[in-house]
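Novice: Quick one: sequence and predicted model below, then my questions.
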Amino acid sequence: MSGDGQADLTELWHQHWPHCPPVGYKIRDPYRDVWVRFHSLPESKRYPEDESEYTVVLERYNTVLDELFAGADVYVITPTWTTEAEVPSVKPGTGYWQSLLVEDDPDPEFRTYCHLSAARRPWQRGCVDDLLRGTADDKVAGILITDTRMQRIHHPYDGGADVFLTTSDERDQMRDRHADWLSSHPSGL
C-alpha cells in the first residue's frame with residue numbers, strides 16, 4: 001500500500017471512529033451505542049467441536065457479513081502483534097497500513113505493538129472463511145472487516161462477532177433480525 005493509501009485509510013478511520021485505534025477489542029467501549037455482539041453457536045457455546053458446528057459458525061459469520069457488505073468491496077484488516085516496534089514482513093496480498101503502540105510499558109520487553117495490514121477485496125460469501133475458521137479456533141485474533149468507507153465494522157472473535165453500525169437504529173434492526181444469536185447477559189457480552 002502506498003503512503004497515500006495509508007494516509008487515506010487513517011483519515012477514514014479517524015472520521016468514523018475517532019475515539020479509539022483500529023484494534024477490535026478497544027472499539028466496543030466508546031461505541032456501545034452502535035455495537036451489537038452475536039454469538040457463533042447456540043447457547044453461547046464458545047468453540048466448535050465438529051464439522052456441523054463449524055458449519056453453524058461460518059453460516060452465522062457470513063450471514064452478518066453478507067448483510068453488511070454484499071455487492072461491495074471490503075478491507076480485511078489483519079494485525080500482527082509483537083514486542084518490537086519494527087514492522088514485521090507482511091503476507092503477500094496484504095498492504096502494510098500502520099503500527100500502533102498498544103501497551104506502553106517502561107520495560108521494553110513488556111511493550112506491545114500492533115502492526116496492521118489492510119487488503120481490499122470484493123466481498124463474496126466465504127471469501128474469508130479461512131480467517132473466520134482460524135478465529136473460531138482462537139488461532140487468529142484481531143481481524144477487522146470493514147466497508148471501504150470504514151462506516152461498518154465486523155470484528156470476529158472466538159465465540160462470536162462484535163458488529164459496529166452507522167446508527168443505533170441500524171444496530172437495533174440487525175440485532176432484532178438475529179435475536180436468537182444474542183447473549184442472555186444484560187450487558188450483551
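Specialist: Everything's here; your move. Numbering: from 1, shown residues only.

Novice: count of neighbours near residue 62?
Specialist: Using other CB atoms under 10 Å, the number of residues around residue 62 comes to 17. (C-beta placed from N, C-alpha, C; glycine too.)

Novice: May I ask which helix or strand encompasses it?
Specialist: helix 51-69 (DSSP states H and E).

Novice: same deal with residue 172?
Specialist: Residue 172 belongs to helix 168-177 when assigned by DSSP H and E.

Novice: So which bits of that helix are buried?
Specialist: The neighbour-count check on helix 168-177 (16 or more other CB atoms under 10 Å) flags 170-171, 174-175 as buried.

Novice: With stretch 66-80 instead?
Specialist: The neighbour-count check on stretch 66-80 (16+ other CB under 10 Å) flags 68-69, 74-80 as buried.

Novice: Can you show me the helices along the protein?
Specialist: Secondary structure of the chain by DSSP state H: the helices cover 3-16, 24-27, 51-69, 129-136, 168-177.

Novice: Would you mind saying which of the ones you listed lies nearest residue 37?
Specialist: Of all these, helix 168-177 sits nearest to residue 37, with 9.2 Å by CB to CB.

Novice: Give the other helices and strands that that closest one contacts.
Specialist: Using 3 or more CB pairs under 8 Å, 6 or more residues apart in numbering; DSSP states H and E, the elements in contact with helix 168-177 are strand 35-39, helix 51-69.
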